[in-house]
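Student: Give me the fold of what follows.
(2 chains)
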Amino acid sequence: MIKAFFALSALLLALPARALAMHISEGILPPGWALLWFALALPFVALGVRQIKVQKKVDPSYLPLLGVFGAAVFVFSCFPIPVPVAGSTAHPAGTGLSAILLGPFASCVIAFISLLLQALFLAHGGLTTLGGNTLSMGVLGSFGGFFAFYLGRSLRLSLFWCGFLAGVAADLLTYFGTSLVMALALHGDQSMFSVLGQIFLAFMPTQIPLCLLEGAVTGGILVYIRRVRPDILRRLKVIREVEA
Amino acid sequence: MRRLMAALVLGLVLFCASGLQAQESPAKWPGIDEIVVEKFASDLGREARDPYINTDQGDLLLFLFALAGSVGGFVMGYFWHKVFVAGRRPEDTRE
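Tutor: The predicted model follows:
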């Protein structure tokens, strides 16, 4: 069943959709706000670089895992998936999974690099909006997913449901972040909360099906890893010795 | 729980993949950036501008997406094999 699950997930990623997606496009944020979001996002990225340097010394399998889930975040976050109920396309974030396995700060680095490559070569997002997009997908997505996972663990949910919670939280918080970044910068004379609510609600018809899918993929991958390499989850302290 | 998970995934996949047929029709599937991000930004007085490196020209963007997918998929598969297939030892999978 797990093989079928991955095959179907791959089918979704292979759908030939046009390259349109969710990041905040070039030029939308005024320069002052663009700089502020850069200033807020970059410390997380710097701490992430440090986390990667420390972890790769502790665990030899950390760098290959970084390769797997770094590429996964890049692929997840740039390939649009059509959602018929909304008549539009969007994509998952993938940062919940990378935050659980690699750490939330390292996940911010992955998001930053993915977004930078997409802005440079795929006309996707933008260089001036890179800070805001990193804050949404990298910081809020990663930390939201990470804390949702550990909330699930503290509630004694199974590994799958903890991963499911993390995937859902990472996806929804990414879009909440995008809405917040836009609302703060652009609300003008209107109430910021009203604009925030309008933008976030407009994302929901597309994102609710996708966040459920992202949750199922995140939970499924964690269960798969526990089945084939439980030692990795133990070393990364995702599960305790007795659970493996 | 397995049945519930399978039903959930299959339902979502069918739900999303039903868009395949519509892909073949000339109707466009706008990205959420177009219908939400850019629409709200425009309503609030900011317009998106072309990217500094504008690869959205003809089929160039499709080619770059295909290339990015291939490279990303290769990297993911290479390291996946390294960690979960070649790196697997019998004692690691002991439950």
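Student: all contacts plus neighbour counts: C-alpha atoms, from now on.
Tutor: Noted.
Student: Give the buried residues for the longest helix along chain A.
Tutor: In chain A, taking DSSP state H as the definition, the longest helix is helix A:192-228. Of the residues in helix A:192-228, A:192, A:195-196, A:199-203, A:206-207, A:209-224, A:226, A:228 count as buried by neighbour count, 16 or more other C-alpha atoms under 10 Å in any protein chain shown.
Student: Number of residues surrounding residue 40?
Tutor: Just so you know, I chose chain A. Per other C-alpha atoms under 10 Å in any protein chain shown, the neighbour tally for A:L40 reads 15.
Student: try chain B instead
Tutor: Neighbours of B:F40 (other C-alpha under 10 Å): 23.
Student: now it: how far from A:T178?
Tutor: 12 Å (C-alpha to C-alpha, to the nearest Å).
Student: Test my guess that B:D33 contacts A:P80.
Tutor: No: the criterion here is C-alpha atoms under 8 Å, and B:D33 misses it with A:P80 at 10.8 Å.
Student: what about these two, which has more around it?
Tutor: Neighbours were counted for B:D33 and for A:P80 using other C-alpha under 10 Å; A:P80 has more, 28 against 22.
Student: Phi and psi next, for that one.
Tutor: phi -80, psi 140 (degrees, to the nearest 10).
Student: is it true that it touches A:H91?
Tutor: Yes: at 4.9 Å, A:P80 counts as touching A:H91 under the criterion of C-alpha under 8 Å.
Student: neighbours of B:D59, just the number please.
Tutor: 10.
Student: quick one: least confident helix or strand in chain B?
Tutor: Every helix and strand of chain B was ranked by mean pLDDT, DSSP states H and E. The lowest is helix B:19-24, at a mean of 47.
Student: returning to what we had before: among the buried residues of helix A:192-228, which are in reach of chain B?
Tutor: A:199, A:202-203, A:206, A:209, A:213, A:216, A:228 (C-alpha under 8 Å from any C-alpha of the partner chain).
Student: can you name the farthest residue from the center of chain A?
Tutor: Distance from the C-alpha centroid of chain A, by C-alpha atoms, centre = their mean, peaks at A:D189 (31.7 Å).
Student: Tell me if that residue really is in a strand.
Tutor: No: read with DSSP: H, G, I helix; E, B strand; the rest coil, A:D189 is coil and lies in no strand.
Student: Can you show me the helices along the chain?
Tutor: Going with chain A. Under DSSP H, chain A gives helices at A:2-13, A:31-58, A:62-76, A:95-102, A:104-121, A:130-133, A:141-154, A:159-186, A:192-228, A:230-235.
Student: Can you look at chain B instead?
Tutor: Using DSSP H, helices in chain B cover B:2-17, B:19-24, B:32, B:39-43, B:60-80.
Student: If you count neighbours, what's buried in the longest one?
Tutor: Which is helix B:60-80. Across helix B:60-80, burial judged by 16+ other C-alpha under 10 Å covers B:61-62, B:64-65, B:68-69, B:72-73, B:75-77, B:79-80.
Student: Cool, thanks, talk later.
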